[in-house]
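In: Dropping a prediction and its sequence here:
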Amino acid sequence: MSGALALGWRNIWRNRRRTVISMSAIGIGLFLVIFYSGLVAGMLGSAKNQLDDAGIGHVEVTAQGFRVRHDVGLWLKDTSTWKGQVSLPPGAEFGERVLARGLATSARGNEPVQVLGVNWVDEPNLSAHLRHLVAGALPGDADARGVVIGEQLAERLGLKLGMKVRLMVQRTDAEMGADLFRVRAIFHSVAPAIGQRQIYVSEGAARELIGLEGGAHQLVIQLADPAQADALAASLRSALGPGAEVMTWGELLPVLKRMEALMDNVVFAMAFFVYFLVGLGVLNTMLMSVLERTREFGVLMSLGTRSSRIVQVVLAEAFWIATISVLVGGALGAYANWHFSQAGLQLGGSGESYQLEGATISTLIKTRFLLSDLLKATSFVFVMALIVGLYPASRITRLQPAEALRRT
Amino acid sequence: MPVVEVENVTRVYEERGQAPAAALRGVSLSVEKGEFMALAGPSGSGKTTLLNLIGGLDAATSGVIKIDGKALGGLSRSQLSDLRRDRIGFVFQAYNLVPVLTAAENAAYVLELKGLGAAERRAKVKKVFERIGLGAHLDSRPLKMSGGQQQRVAVARAIVSEPAVVLADEPTANLDQATGAALMDLMRELNREQGITFIFSTHDPMVLERADRVVRLVDGQVVGHAPAPR
């Protein structure tokens, strides 16, 4: 085989221009597939991995009915027992929230808001915007009247740091609860709707405001690997019983699941057409290259070369063309994916994100580089090139040597 | 025992939509070891077809061809390949060297097929090249060599594996008279020195006069066996 490889190597450089064009077609096709799949995977991956952009957990637990009715009277009575029965995967973050819908009023006007009573230590791990404050700092434990609001809400209500805002919400006893707070920080969210609607207070202040003595409305868990969500949700359902509703990110944001399936098909279809076209190009090149040397193969056969050796020589040519193309195209694809996984690629207009049925899709897409994806794509191209090489080889070996010698 | 035996061989070409054409019709001949024999005849008389059949490059429509007593008819494609590799050398009219290989690599190709190591191949080829006056051209590319030199490389390729018979199809047709004569003299010397059997096709009188025996073909039939004209 080494002799065939050496001969194949020399043969591919007989017509340098044709070989380089052929290699370029394969390399560019491979680059496109690798980069595009990295782009799509990055877009969906960031949407899955960065649910905290919207403050959504990979797993969320509420009392049965709360998610539909948003009734503050439906809360999880016991938010600690499950911890003894279910162990969180490494890297997971967990927090409790007390939730209420209400009205925020300032000297300028009022706006409907979602009040989130949170633990100031846990919540920044669950809501990315609390890590991106544009003014002020998160309130301390002793500051029971401190609130954190979004840029958009601050602008609408004319609020600045230290200014007063009045929150009015429905209480668990069906009365109205209201209290006065002061703005301690203003956050920036990639999702404008969050900056306009959400207002954070301490868990204790929220309990007092809505009259909730214990428990919480929501348990939120962020995972290092979103794929662990289903298993964790199953454990939680078993531990918490029928009174709790446990949902995974895929159930909370079914659009992401649908997009994932759709994009898999889109990438597959794109890869299929690219590889198909590249395959046709390579087949054409190999056919031309081999058939124009039919007489020479006839000479090799007359010297005692077996058909299997002829196939080896032709496949060796396909092997070298594929190897160089795959190395170059794969390296370019890998580099582009790595580069844009660090720098990101601004797509989708001037905004930072767009909302899709509750999912926040960042317009700064960071491509995903996975060695397994690279190996899959390169292996496919490699195998395709070798298969394509079999056809011209079989055309030659079907000929009698004398017939091959007669061809010019 | 004859090196080559041809018994009542016919070869009919049947192209779709065309009437069958008989290139050989009942040809019989026998070639002894060490003969230097010419197949003579006009174009289309069947010289190349007969050489192809003897070399196992084509299959006879009927009749029997034997090399060293072994009938070619019952051999598989792989067995025929092995027979050509081990027992038959070819010299073509148009040299037919592989352009991406050096002269030495062209000559050593058959030895590589036989599984000889690189050093052994090189040594054998060097010896043959020195014998045929190409010692300085071992690493030359065929396209950088003259026609006469290329044809001598082709002769080296044909004899380096010490075959039972060398089949040469109009080996001097692409060479000028002097170069062609020199090539024929070289083949004749190799025939005498090493006892290699040569069968060549030609209609060149200069070639014919160097042969031990001339078999004349006309319209696919043998019309005469005769000693070469002197």
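Out: Good, I have the coordinates.

In: How about the most centrally placed residue in chain A: what's its closest non-neighbour residue?
Out: With distances taken as C-alpha atoms, centre = their mean, residue A:45 lies nearest the centre of chain A, 1.1 Å away. Excluding the flanking residues, the one nearest residue A:45 by C-beta to C-beta, 6 or more residues apart in numbering or on different chains is residue A:368, at 5.0 Å. No exception for glycine: its C-beta is placed from N, CA and C like everyone else's.

In: Let me know the secondary structure of the one you found.
Out: coil (DSSP: H, G, I helix; E, B strand; the rest coil).

In: So it versus residue A:335, what's the distance?
Out: Distance of residue A:368 to residue A:335, given as C-beta to C-beta, to the nearest Å: 14 Å.

In: One more: residue A:33?
Out: Counting by C-beta to C-beta, the gap from residue A:33 to residue A:335 is 15 Å.

In: of the two, who's got more company?
Out: Higher neighbour count among residue A:33 and residue A:335: residue A:33, with 26 against 14, using other C-beta atoms under 10 Å in any protein chain shown.

In: which SS class is the closest residue to the more buried one other than its chain neighbours?
Out: In space, and not counting its chain neighbours, residue A:33 is closest to residue A:271: 4.7 Å by C-beta to C-beta, 6+ apart. Assigned state for residue A:271: helix (three-state reduction, three-state DSSP).

In: how about residue A:271, what does it touch?
Out: Counting by C-beta atoms under 8 Å, 6 or more residues apart in numbering or on different chains, residue A:271 touches A:33, A:37, A:377, A:380.

In: cool, and residue A:327?
Out: By C-beta under 8 Å, 6+ apart, no residues touch residue A:327.

In: Going toward the C-terminus from the one helix or strand it maps to, what's the next helix or strand?
Out: Element membership of residue A:327 [criterion: DSSP states H and E] is helix A:307-343. The C-terminal neighbour of helix A:307-343 among helices and strands, as given by DSSP H and E, is strand A:345-346.

In: Show me what the mean pLDDT comes to for that next one.
Out: The average of the pLDDT scores along strand A:345-346 is 82.

In: Output the contacting helices and strands for it.
Out: For strand A:345-346, the packing partners by 3 or more C-beta pairs under 8 Å, 6 or more residues apart in numbering or on different chains; DSSP states H and E come out as strand A:364-365.

In: could you redo the last one with a cut-off of 10 Å?
Out: Packed against strand A:345-346 by the contact rule (3 or more C-beta pairs under 10 Å, 6 or more residues apart in numbering or on different chains; DSSP states H and E) you find helix A:16-49, strand A:364-365.

In: Check the ones you listed for me: which has the lowest mean pLDDT.
Out: Note on the helices and strands packed on strand A:345-346: lowest mean pLDDT is at strand A:364-365, with a mean of 80.

In: so residue B:198 makes contact with residue B:171?
Out: Yes. Counting by C-beta atoms under 10 Å, residue B:198 does reach residue B:171; the two are 9.4 Å apart.

In: Give me the common contacts of those two.
Out: B:91, B:155, B:158, B:184, B:187 (C-beta atoms under 10 Å, 6 or more residues apart in numbering or on different chains).

In: Greatest separation within those residues: which pair is it?
Out: B:158 and B:184 (14.0 Å; C-beta to C-beta).

In: right, and residue A:56 touches residue A:126 too?
Out: Yes. Between residue A:56 and residue A:126 there is a contact at 8.8 Å, judged by C-beta under 10 Å.

In: okay, and the common contacts of these two?
Out: A:220, A:222.

In: quick revisit: out of the contacts of residue A:271, which end up buried?
Out: By neighbour count, with 16 or more other C-beta atoms under 10 Å in any protein chain shown, the contacts of residue A:271 hold A:33, A:37, A:377 as buried.

In: Just the closest residue of chain B to chain A, please.
Out: Per C-beta to the nearest C-beta, residue B:85 is where chain B lies closest to chain A, at 2.4 Å.

In: what about that residue, which SS state?
Out: Classification of residue B:85 using three-state DSSP returns helix.

In: Kindly report the residues of the stretch 1-150 of chain A close to chain B.
Out: Taking C-beta under 10 Å from any C-beta of the partner chain as the measure of proximity, the stretch 1-150 of chain A contacts chain B at A:2, A:3, A:6, A:7, A:8, A:9, A:10, A:11, A:12, A:13, A:14.

In: and residue 74, how many neighbours?
Out: I went with chain A, as the question did not name one. Residue A:74 has 18 nearby residues by other C-beta under 10 Å.

In: that's the other chain; I wanted chain B
Out: 8.

In: what do you get for residue B:25?
Out: By other C-beta under 10 Å, 17 other residues sit near residue B:25.

In: again with the one 3 residues further on
Out: If you count neighbours by other C-beta under 10 Å, residue B:28 ends up with 12.

In: residues in contact with it?
Out: Counted by C-beta under 10 Å, 6+ apart, residue B:28 has contacts B:5, B:6, B:7, B:8, B:9, B:63, B:64, B:222.

In: Tell me which of those has the lowest pLDDT.
Out: The minimum pLDDT among the contacts of residue B:28 falls on residue B:222, with 92.

In: Surely residue B:76 and residue B:59 touch.
Out: No. Counting by C-beta under 10 Å, residue B:76 stays clear of residue B:59, with 11.7 Å between them.

In: Which one's more surrounded, those two?
Out: The residue with more neighbours, out of residue B:76 and residue B:59, is residue B:59; 15 against 8, by other C-beta under 10 Å.

In: Could I get the full set of strands for chain B?
Out: B:4-13, B:21-31, B:36-40, B:62-67, B:70-71, B:88-91, B:165-169, B:197-202, B:213-218, B:221-227 (DSSP state E).

In: Now render the ones you listed as TSV, adding distance to residue A:321.
Out: Shown next, in TSV, are the strands of chain B (distance: least, C-beta to C-beta, whole Å):
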stretch	distance to residue A:321
strand B:4-13	37
strand B:21-31	40
strand B:36-40	43
strand B:62-67	39
strand B:70-71	41
strand B:88-91	30
strand B:165-169	34
strand B:197-202	40
strand B:213-218	46
strand B:221-227	50
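
In: Tell me which of those is the most buried.
Out: Mean neighbour count, computed with mean count of other C-beta atoms under 10 Å in any protein chain shown, is highest for strand B:88-91 among the strands of chain B, reaching a mean of 27.

In: Where does pLDDT dip in chain A?
Out: Residue ranges of chain A with pLDDT under 70: A:1-2, A:46-50, A:348-359, A:408.

In: And for the residue of it found nearest chain B, the neighbour number?
Out: Of all residues in chain A, residue A:304 sits closest to chain B, at 2.4 Å by C-beta to the nearest C-beta. Residue neighbour count, defined by other C-beta under 10 Å, stands at 26 for residue A:304.

In: what ranges do the helices span in chain A?
Out: For chain A, applying DSSP state H gives helices covering A:2-12, A:16-49, A:66-69, A:151-157, A:192-197, A:203-210, A:229-240, A:249-252, A:254-291, A:294-302, A:307-343, A:371-397, A:401-406.

In: could you give the angle of the longest one to helix A:307-343?
Out: Okay, so that is helix A:254-291. 140 degrees (axes from the mean of the first three to the mean of the last three C-alpha atoms, to 10 degrees).

In: Before I go, just wanted to say thanks for your time.
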